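J.: coords please:
(2 chains)
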Protein chains: 2
Amino acid sequence: MSKVYIQLLIFCMFFNAIGQSKKQVYNFDSSSHHGLLITNKGLELIKENLGTIPLFDKSLAQTKAEIDAIIVEEIEVPIPKDMAGGYTHTQHKKNYDVVQKAGVLFQIYGDEKYATYIKDMFMEYAQMYPKLPLHPETRSYSRGKLFWQCLNDANWLVNMSQGYDAIYDWLSPKDRKFLETKLFKPFALFLSVENPQFFNRIHNHSTWGNAAVGMMGLAMRDNQLVNYALYGLPEDSIDANAVDNDGGLIKKPGQDAGFIANIEEAFSPDGYYTEGPYYQRYAMYPFLAFSVALENTVPELKVLAYKDSVQIKAVYALIDLTDSKGGFFPLNDGQKGMSFYNNALVNSVDIAYHYGSKDPELLAIAEIQNEVTLDDAGLAVALGLKRNEIQPYQKRSVNFTDGPKGNQGGLTILRSKEDSDLELVFKYSAQGNSHGHYDKLSYSIYENGDEVIPDYGLARFVNINSKNGGGYLKENTTWAKQTIAHNTVVQNETSHFNGDFKTGSSFHSQLHFQDLSNDLIQIVSAREHNAYEGTEMLRTVAMLSPKEGMKPIIIDIFKLQSKNANQYDLPFYYKGQLMDYSVDPVSESILKPLGTSNGYQHLWKEASAVTNSDLSKVTWLHNNLFYTLSSKTSVGDSLLFVRQGANDPVFNLRREPGIIIRKSNARDAIFVNIIESHGTYDAVTERAENTESIIDKIDIIQNTGTYTALEITYKDDNSNLLIISNLKADSSEKHSLTLNGTSYSWEGPYYFINR
Amino acid sequence: MSKVYIQLLIFCMFFNAIGQSKKQVYNFDSSSHHGLLITNKGLELIKENLGTIPLFDKSLAQTKAEIDAIIVEEIEVPIPKDMAGGYTHTQHKKNYDVVQKAGVLFQIYGDEKYATYIKDMFMEYAQMYPKLPLHPETRSYSRGKLFWQCLNDANWLVNMSQGYDAIYDWLSPKDRKFLETKLFKPFALFLSVENPQFFNRIHNHSTWGNAAVGMMGLAMRDNQLVNYALYGLPEDSIDANAVDNDGGLIKKPGQDAGFIANIEEAFSPDGYYTEGPYYQRYAMYPFLAFSVALENTVPELKVLAYKDSVQIKAVYALIDLTDSKGGFFPLNDGQKGMSFYNNALVNSVDIAYHYGSKDPELLAIAEIQNEVTLDDAGLAVALGLKRNEIQPYQKRSVNFTDGPKGNQGGLTILRSKEDSDLELVFKYSAQGNSHGHYDKLSYSIYENGDEVIPDYGLARFVNINSKNGGGYLKENTTWAKQTIAHNTVVQNETSHFNGDFKTGSSFHSQLHFQDLSNDLIQIVSAREHNAYEGTEMLRTVAMLSPKEGMKPIIIDIFKLQSKNANQYDLPFYYKGQLMDYSVDPVSESILKPLGTSNGYQHLWKEASAVTNSDLSKVTWLHNNLFYTLSSKTSVGDSLLFVRQGANDPVFNLRREPGIIIRKSNARDAIFVNIIESHGTYDAVTERAENTESIIDKIDIIQNTGTYTALEITYKDDNSNLLIISNLKADSSEKHSLTLNGTSYSWEGPYYFINR
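T.: Down below sits the predicted model:
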């Protein structure tokens, strides 16, 4: 027994000794030592069906071709040195990816060349690891050894645990002992007991850490590691004020840790992940990979059924949080372009199908992904598709609660029906941890999967070395997180909660009411009382078709009530080229930033107009579609025509335009805006159709603390009346109101008629 | 006989009397009165094959469905009032389109409902036309009656002549006489003798006018109109200084007019149309429609064989002037988005197939267009496709001469081979008439059909009413036509030829040499000595692969020799987001226009850098591809980071970025630039590959009046040597040169080795 091993044993015993309240002893499924990748039963089924399951066969052939080409090359296990995007980083990433895939191939084909390759790789790591110091790059709050941060080390261990599981029975006991002693156990302990600030949190980093340690624990049949993973370290001594690189708090005092607590805390009961879908996608893999491994090896835990099967719900939430091309809505820190084509989603969809209710709608997503995982779940999907059990995936308007208990606001996606393809994403959620943006009651709009009124997303170019090593750019803080970067009201040029993370994290917006089942109108209303002290904000957003067969328009009523007189700015960012406007803007001959802080320093003011009527229209063309923003303005309001990119010395920001509607020196205020997609241009026939807005008039008939009543008149003289109950949201509440001599009575929080 | 008719006869006799030197009397093919749309023979073949020719059947079914829905509605022939985009404009356009299509359907199906509809429509026009004044909109140099300009009236007459031809035999002689007297003949005379400034030019307007008058002449068997159309008006009294709305000269003294002269003058012997492909597409329809009508009715004229079948060559030129998605390169005034999917191109391709050599490669274009014309030509294409005679259309590097005789410069398209899809469009042509831009020796670059180094195109939104009624914007003159808007050298912040149309039209650039057949390098070199008095410019552009299997890079050598010291600016506009640079730019906290005139007033200066080494690199990301511009700079040169959009009060310009390389106070100068497409980003896997340029060094080993020798060294230590003979371009000329002690001997204008 080597000296290191003895030290380690003593070290472990010490940790065990300090007590672990939830410690359990698991009776791992003893039918086989496999289960992290493919179960024995799954393997039989795969072998039976091989060659007759098109999507599985294709995915397998691709993987085999890829891995066969790689394993003839020399194994490279370089001394860690580089940041993300650099050579050593990329090589270690590649290694764990290859090991995982080679493990699959070994299980399916039984060809020892895969097992030998994996073993050789493990041996090289086992030579290097014991001598490794921390990674030389010091910027992480949790420095790794192979990579600059523990997070990537955890990615490595998750994949390696699957590779280890695959060849476990093939390895000699001596080799297993060597690898576990030199490499796997120390690696797992480094990620857990040696880095509690990484391991013992409620955060996607910890989810990866928990899964990594737990999966290696399962592969090794190590009760201690599995216990750490599921329930956290019993002791961690984390400072109550410690924060991570993103400024996120490490741990609230008394907070539970471990995988189970992460499931509990990370998802709302609807399966929404508070950081947003971009990070949910990232976290989903360890959640599901570890859960499936547990399901296969310790089925009595029933981990996938936990919290009313929230992990399966989370997969549906992820799909519902994509635009019609499959791209995730870039809520909070989300990089645009990430989509359900990502491997983590292939994995998620397959697992949700196999371990869920064999939902034929999920087959539709799998078919678009055109790929399955090479395991029990992927097999099930491929078989389902082969049997043609597929049903179209119905994306409908949907509401998600936020917060572990579902009581911290949420978000609503309004989707148009039938022939049109408009989507509106309305956010009235909690802060979203360290990846949250200060954008209460903001929304973004999509048509045909393309942005119309975009959310900026994050200011970062993930894995692009020349942009701060692929890490967050400072403009993420100075611009992307600030309120003015979003389509919501900014008071007195300061961000919500004054941009303070702690304050923002203490509050959340609240759903006022929503109705997604009315054929005439889809409507959602939410309030925010804490973003600015003394100011109450209520925003109601509705989608309705002015006429049968027409695309719906979007009505947006933003009501503010404050103790003090304020300046209110409501920006609408758009894509494309301005075509027309009803105002008379004065354009700037020299461009100056719109302000000096809170994101305003990043906006160039291109032009401004004082509104000269009570309906201000701006029309633009994007992707050959005409859009108009019709704004109910008062004389003296102003329209600012802005563009992003000021104070951007290294060209980190996109130069996208926006229109800010500004009301100055107002105590109470109401913004009423209508957004229409009304026309088309065809550059081949050069035909422009319906280039003009159909809105003729917007009348605010009443606006009190109790009710807001709005009449919208179209150019064909049809009109809509919409009354909002600003206080009472109960659906059985009876209301009656007299407007211009006509009395209206109804039940519920709103009244709507076409006339 | 009505009074109007008598007046008209006298009027016509007068015009005949004043003599018409080329007047001919045609013996129209008397087998039938048809031939403008479908010949009798074609009709037989169509009827024989109907239901068995998929693409024809599909196009016919679409047309039938469209027209059947329209002809049940009431005919609307409103009093002309609106500009392009307005109601009356659109309605009259729709009318002629419907008549033409109904004519086709009547010929094929023989259903009288189509003939009746056409006749009724004609009758309504015949009621209105005699009383019509000029169109109320006064801005055109040639005001029409139905439309604001004669050009649109000519569009109307071309289509109506086809409709008339289709129902000619069906109409009673009385109705024919009435329509010809009241409507068609006066209409044709209005477009010709009453508007010689429109009809008697070498211009696409006149081509339309000639075709309209000639086709109606053929339909009516009217020798006088056909003679006017083919050979122009014998007398026109056009003022030698008269110009059109675009500032284009109406007519040079002594210049021939008419259709034949337009064929002669409009196309170079290679089929290139001097205004560029956007206008060539527009002119192609009347050229070919009239030619086919002549071919079918007066075959002895052999009009399609004229000038070595230049009209057929022009169709190939049009296809070769598209990017790999089928969009026309926006040379001169070209609106982006126009493509070979346009109807005029469907027509052109079908005609070039049927009346040309039945080229199976044209079937490939027709298949992509997924549509055929409903006539003899479309039938031939549909039959060819049905018989599966299709061959892939090979787009290769190609060279086009400009000018009627092919001696006014030209343009070259370099296309990469095999796996990559890079295209470079190098322009060293003549001015291009009134639609020309001042951009001698400019180029643009495309990858996968997307712009990399774009040409701005025109500043106009065709048919979008809110943008100056769809007409040219003043920024077309102040920006799009100016030299600084293009990727070529500007001397002392003035445009080529000082932006003067007359001067620009007197000169053209010259091809120095080109070699498109060398496997190692594709190269083209052209000179311009007149853009700036006393300054000689020679630009050489080459595409070469540094290594087998790599995408080619683009080498660009711009050599200037001047009598005086000048400031030289070489801009490169790009798309996307800056990722990296080797220089140290100082960014502007307030944006000011870069200059005050010649297009400089439209550029914001975002940042600038003084070059600190002899290789300045700028890398950007666009469409998930990484590009680098590597510029051989001298200490003291500067790099300006600019963006379009200054002095643009009504938001007419796109906000696109550019990099200007500036050399100050230089008499002779050389710009050497390399453009690489070297890397990829995948937003789904978040993998960034080959993010860095492979260029290590650019050495100018020699640069005299006689030779320029360049060595490019790559990061893998491979290198290229390229020597350009700056004076002698003869391919058999022998050269020898000693560089750094090594002597090189070769034949021809350049020497190139990989080493």
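J.: In contact with A:F513: list those residues for me.
T.: Counting by Cβ atoms under 8 Å, 6 or more residues apart in numbering or on different chains, A:F513 touches A:523-525, A:729, A:731, A:748-750. C-beta: built from backbone N, CA, C; applies to glycine.
J.: low pLDDT regions in the stretch 551-700 of chain A?
T.: A:613 (pLDDT under 70).
J.: out of the contacts of A:F513, who's nearest chain B?
T.: A:V524 (29.5 Å; Cβ to the nearest Cβ).
J.: what is that closest one paired to in the beta sheet?
T.: A:Q514, A:V541 (DSSP bridges).
J.: close enough to count as contact, it and A:T412?
T.: Yes - counting by Cβ atoms under 8 Å, A:V524 does reach A:T412; the two are 4.3 Å apart.
J.: Regarding A:G384, what is its secondary structure?
T.: helix (DSSP: H, G, I helix; E, B strand; the rest coil).
J.: on that earlier part again, tabulate the contacts of A:F513 (a markdown table), appending pLDDT, distance to A:S506 and neighbour count.
T.: Shown next, in a markdown table, are the contacts of A:F513 (pLDDT from 0 to 100; distance: Cβ to Cβ, whole Å; neighbours: other Cβ atoms under 10 Å in any protein chain shown):
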| residue | pLDDT | distance to A:S506 | neighbour count |
| --- | --- | --- | --- |
| A:I523 | 98 | 29 | 23 |
| A:V524 | 98 | 24 | 26 |
| A:S525 | 98 | 23 | 27 |
| A:A729 | 96 | 24 | 18 |
| A:S731 | 95 | 30 | 9 |
| A:G748 | 97 | 32 | 17 |
| A:P749 | 98 | 27 | 23 |
| A:Y750 | 98 | 30 | 23 |
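J.: Output stretch A:633-649 in PDB with nothing but the alpha carbons.
T.: This file holds the C-alpha atoms of stretch A:633-649, laid out as PDB (Å, rounded to 0.1, in the frame of the first residue of the first chain):
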ATOM      1  CA  THR A 633     -47.900  59.200 -26.400                       C
ATOM      2  CA  SER A 634     -48.700  62.500 -24.800                       C
ATOM      3  CA  VAL A 635     -47.500  65.800 -26.000                       C
ATOM      4  CA  GLY A 636     -44.100  66.300 -24.500                       C
ATOM      5  CA  ASP A 637     -43.100  62.700 -24.400                       C
ATOM      6  CA  SER A 638     -40.100  62.000 -26.400                       C
ATOM      7  CA  LEU A 639     -38.900  59.300 -28.700                       C
ATOM      8  CA  LEU A 640     -35.200  58.600 -28.600                       C
ATOM      9  CA  PHE A 641     -33.600  56.700 -31.500                       C
ATOM     10  CA  VAL A 642     -30.600  54.900 -30.000                       C
ATOM     11  CA  ARG A 643     -28.000  52.400 -31.000                       C
ATOM     12  CA  GLN A 644     -25.900  50.100 -28.900                       C
ATOM     13  CA  GLY A 645     -22.100  50.400 -29.000                       C
ATOM     14  CA  ALA A 646     -21.000  53.600 -27.200                       C
ATOM     15  CA  ASN A 647     -18.100  53.200 -24.700                       C
ATOM     16  CA  ASP A 648     -17.200  49.900 -26.300                       C
ATOM     17  CA  PRO A 649     -13.500  50.300 -26.800                       C
END
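J.: so what's in contact with A:V524 and A:T412 at the same time?
T.: Both A:V524 and A:T412 are contacted by A:399, A:426, A:511, A:514, A:516, under the criterion Cβ under 8 Å, 6+ apart.
J.: Which residue is the nearest non-sequential neighbour of the last one?
T.: So that's A:L516. A:S397 (4.2 Å; Cβ to Cβ, 6 or more residues apart in numbering or on different chains).
J.: How about the contacts made by the one you found?
T.: Listed by Cβ under 8 Å, 6+ apart, the contact partners of A:S397 are A:412-415, A:516, A:522.
J.: And it, how far from A:E235?
T.: Applying Cβ to Cβ, to the nearest Å, the value for A:S397 to A:E235 is 47 Å.
J.: next one: A:R396
T.: 47 Å.
J.: For the residue most central in space within chain A, what are phi and psi?
T.: Using Cα atoms, centre = their mean, the residue of chain A that lies closest to the mean C-alpha position is A:P277, 1.6 Å off. Here is the backbone geometry of A:P277 (degrees, to the nearest 10): phi -70, psi -30.
J.: Let me see the contact set for it.
T.: A:P277 neighbours (Cβ under 8 Å, 6+ apart): A:317-318, A:321-322, A:328-329, A:331, A:334.
J.: between the residues you listed, which is nearest B:F497?
T.: A:G334 (51.0 Å; Cβ to Cβ).
J.: Assign the residue lying closest to the closest one once chain neighbours are set aside to helix, strand or coil.
T.: Distance criterion Cβ to Cβ, 6+ apart; nearest residue to A:G334, sequence neighbours excluded, is A:Y278 at 3.3 Å. Following three-state DSSP, the label given to A:Y278 is helix.
J.: count of residues packed around A:Y278?
T.: If you count neighbours by other Cβ atoms under 10 Å in any protein chain shown, A:Y278 ends up with 24.
J.: contacting residues for it?
T.: Counting by Cβ under 8 Å, 6+ apart, A:Y278 has contacts A:328, A:330-335, A:338, A:458.
J.: let's go with 6 Å and repeat that
T.: Contacts for A:Y278 (Cβ atoms under 6 Å, 6 or more residues apart in numbering or on different chains) come out as A:328, A:334, A:338.
J.: Just give me the closest of these to chain B.
T.: A:M338 (6.1 Å).
J.: and the stretch 601-750 of chain A, which of its residues are near chain B?
T.: Neighbours of chain B within the stretch 601-750 of chain A, by Cβ under 6 Å from any Cβ of the partner chain: A:649, A:651, A:655, A:683-684, A:686, A:688.
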